[in-house]
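# here you go, sequence then predicted model.
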Amino acid sequence: HYYITNNLRYEPVKMGDVDIESKIQQDREKGRKEWDHPISFILAAVGSAVGLGNVWRFPNLVSQYGGAPFLIPYFFILIFVGMPILGMELSIGTFYQAGDADAFGSMNPRLRGIGLASVFAGYTITFYYCIILGYACIYFVECFHKTDAIPWYDNQAAHFDDISMTAGMAARKLADPSTEFDWLGTFNWKVFVGITVVWILIFLSIFKGVKSTSWVVKFTVPLPLLILLILIIRGAFLDGAGDGIKAYLIKWDGSTLNDPVIWTKAIGQVFFSLGVCMGVMTAYSSHNSKSKTNVAMSEKAISLSDTGIALLGGFAIYEVLGYMQKKCEKDSATGVCAENYYKQASMGLAFIAYPSGLATLEAPQFWGIIFFGCLIMLGIDSAFSLAECFVTFAKDCWIGLRLRPKTWMVVLPTCIVGWLAGLLYCYDSGTVYLDIIDNYLNNWGMVLIGTLECFAVGWVYKIEDQYKQVGKLSVMVYNLGFVFFLLIGTIVALAIPGKKPTEGTKAVLDALLASYGKDQGGALGVGLAIFFIGWILLTCIAVVLSKGPASGIGSKLWAIMGWHGADSLRTQVNNVVRNKEKDGVWVPNTLKSEIEALYRHDCFCIAFGFLIKYFSYALLLVVTCINIKGDIETSYGGYPSDMLILGQLVFVFMVFLVLLVAIFPRIMYDPIKHSGSNSHLGRLTWMLTPLNADITNMVHDIPAVPSPSS
């Protein structure tokens, strides 16, 4: 935080009379393809957001955390964190006409690493996401079995274990840590064929860029929705379907709201489901028209569609689970079922419990075909969108702008590398690595990227305007002080009620830990008090230190505390939907404009900036600390520490990318064009030289866009 905000002034790096970022922007937009119709973008974005997690992860979390009470943190996080970040990503992608890395780099060169880390995370998720799709492909093919019973009729759990090889060496190591561990184990040829088919489908979906994607999503987004409705109607006539719905959504266990884990799970679900912080939404929106796209409406359409389909998926799943539970109770001599189908977790819902129910219906092959076909279509949209964001980055980076390759020439190696990386998950240890890497990417990586994106837009973008109003010292004191007291308050609230003191701890620390360790609520109160008191004090200090044209306490407070970067984004968004000749220009922080933004569904209101700069940023930073603390105190999943290394390395590499570009921003620029050197060594030296002087002119503001005709 200090390094970036304290080094925003650099020597202008220009090429003739044109600054580098403006030139790069012109190069990116030259020949950039747009969606054939706005609805194609909405379908593609919804297809990316709606994935396999909507069918099993969301319903499982709802049932696991008390039923309807889980919807309280879910919708709270969706409205106040997920949707603002989604709107932010759609805005910067649309108006900068670039993927995540270059969009954030256009705000400030040192921020490009945030986008780079998000693209890396999304691409890495594709490696194991395709394995799950590979399982669905195997089941889909097996549904064409000619006999009356499908292959998993007798024992679906054993059948899934055979396909996923979850009973292999990795699982034995987990059960008995003394077992000599084979890091790979046996290769699963069925899964290998499955992921090969999936990567071929991904290539065919995106090899022509948005042109081919536009056609694919017109089938793969509406069809799964139609299939889910068919499955819901069929399931409603099953005996016990009502009990399943009660177990899914109608039951109420309010005690789960006291568990902080429910909030972290809600954040993870919202982020993973919406597809934010993975580079996808920025990449897709970069192919929108700057002068015609209604970003605020797109944000709402994507969010509501994603949540609606997740709720529908839960009804389809739990109707069949209720039927299976009822059937099991009837078949039991005691009237009590030995197995609780509602307790099946994640993949167990889609590949064990639900197929077991389908196998007992008439024409099980038909129901299996449409269900697993639905899973494949839901998942393939998300998979190729994650690959597409990497393709967008590759074409937007300086190498891509210099070579100008055809889209398929970038897509082909992207798919080949993804396919090769996915081979790790084809071994019997693959499901363990999938679980570990997924944890560190979603619970650590995605939340950290969300924090950094809010930091970029809320705290860094337009900081020069703040400097001009009240001076650099005043702004620096406020910005750094806010983060300092937030972290101190979080540490007090979370670390103190943690583990019991170990032997050798100093007496004073022992007493402190003993005092707060018994009372989580008391520690939380102390942490909040430290934060708010510190925040008020540093605000007063910043006002006293202010020097500049801002006069009056209100003007100074706004110049220091305001969300100027977020206001710049929403000014562009809100003006696109206006007829300027008739209604005039929308101006932020004026009474008439802000009242209008409050009731218009196609505008971002003033809360957008507050949520980005303060609420989302603070909440995500705290949640990052909670997740890290939890995994440090208790080994994730009970796995031995040596098995967690791969997931930890993925997270560390994401942090490394952010820091590398923050320190050496020139590595993301074309050294041949901008270094002024003819030797390879000179160009390399230029790239690895930290910038110390003023590069204000490298920061490229969002270009103004014309208003569409009425």
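All right, it came through fine.

# show me the shaky parts of the chain.
Scanning the chain for pLDDT under 70 picks out 1-32, 146-149, 152-154, 165-184, 330-338, 344-346, 495-522, 579-580, 691-710.

# any chance you could map the strands in it?
Under the criterion DSSP state E, the chain contains strands at 14-15, 18-19.

# so how far is stretch 212-223 from its chain's centroid?
22 Å (C-alpha atoms, centre = their mean, to the nearest Å).

# what does stretch 111-125 give?
Distance of stretch 111-125 from its chain centroid, counting by C-alpha atoms, centre = their mean, is 10 Å.

# ditto for stretch 629-641
Using C-alpha atoms, centre = their mean, the offset of stretch 629-641 from its chain centre is 23 Å.

# kindly check the end-to-end length of it for me.
Using C-alpha to C-alpha, to the nearest Å, the end-to-end distance of stretch 629-641 comes out at 15 Å.

# buried ones in that stretch?
Neighbour-count burial for stretch 629-641 flags 629-631, 636, 639 (criterion: 16 or more other C-beta atoms under 10 Å). From N, CA and C alone the C-beta is placed, and that goes for glycine too.

# again, but for stretch 655-675
Going by 16+ other C-beta under 10 Å, stretch 655-675 has these buried residues: 657-658, 660-671, 674-675.

# now, which of those residues lie within helices?
Within the buried residues of stretch 655-675, residues falling in helices by DSSP state H are 657-658, 660-663, 671, 674.

# now, the most widely separated pair of those?
The span of those, defined through C-beta to C-beta, is set by V658 and H674 at 22.4 Å.

# so how far is stretch 663-673 from its chain's centroid?
Distance, centroid of stretch 663-673 to centroid of chain: 27 Å (C-alpha atoms, centre = their mean).

# can you give me the end-to-end distance of that stretch?
21 Å.

# how much space between the nearest residue to L52 once chain neighbours are set aside and D243?
Among residues not flanking L52 along the chain, G379 sits closest, at 4.8 Å (C-beta to C-beta, 6 or more residues apart in numbering). According to C-beta to C-beta, to the nearest Å, G379 and D243 sit 29 Å apart.

# more crowded one of those two?
G379 (28 against 19; other C-beta atoms under 10 Å).

# quick one, what contacts that one?
51-52, 129, 132-133, 136 (C-beta atoms under 8 Å, 6 or more residues apart in numbering).

# distance to C143 added to those, as CSV?
Converted to CSV, the contacts of G379 look like this (distance: C-beta to C-beta, whole Å):
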residue, distance to C143
G51, 21
L52, 18
Y129, 22
I132, 17
L133, 15
A136, 11
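
# between those residues, which sits nearest Q325?
L52 (23.3 Å).

# what's near enough to touch that closest one?
129, 132-133, 350, 375, 378-379, 382.

# just flag the most distant two among those residues.
Longest span within the contacts of L52, C-beta to C-beta: A350 and S382, 14.4 Å.

# wait, isn't A266 in contact with I79?
No - with contact defined as C-beta atoms under 8 Å, A266 does not reach I79; the gap is 11.5 Å.

# neighbour-wise, which of the two wins?
A266 (24 against 14).

# any idea how far the more buried one lies from I612?
Here the criterion is C-beta to C-beta. By it, A266 lies 19 Å from I612.

# cool, and A523?
28 Å.

# neighbours of I606, how many?
I606 - counted by other C-beta under 10 Å - has 17 other residues nearby.

# scratch that, G554
The burial count for G554: 9, using other C-beta under 10 Å.

# and what of I399?
I399 has 11 nearby residues by other C-beta under 10 Å.

# ok, A45 next?
Applying other C-beta under 10 Å, I find that A45 has 28 neighbouring residues.

# residues contacting it?
So A45 contacts 275, 280-281, 284-285, 298, 302 (C-beta under 8 Å, 6+ apart).

# how about V270?
V270 neighbours (C-beta under 8 Å, 6+ apart): 74, 77-78, 81-82.
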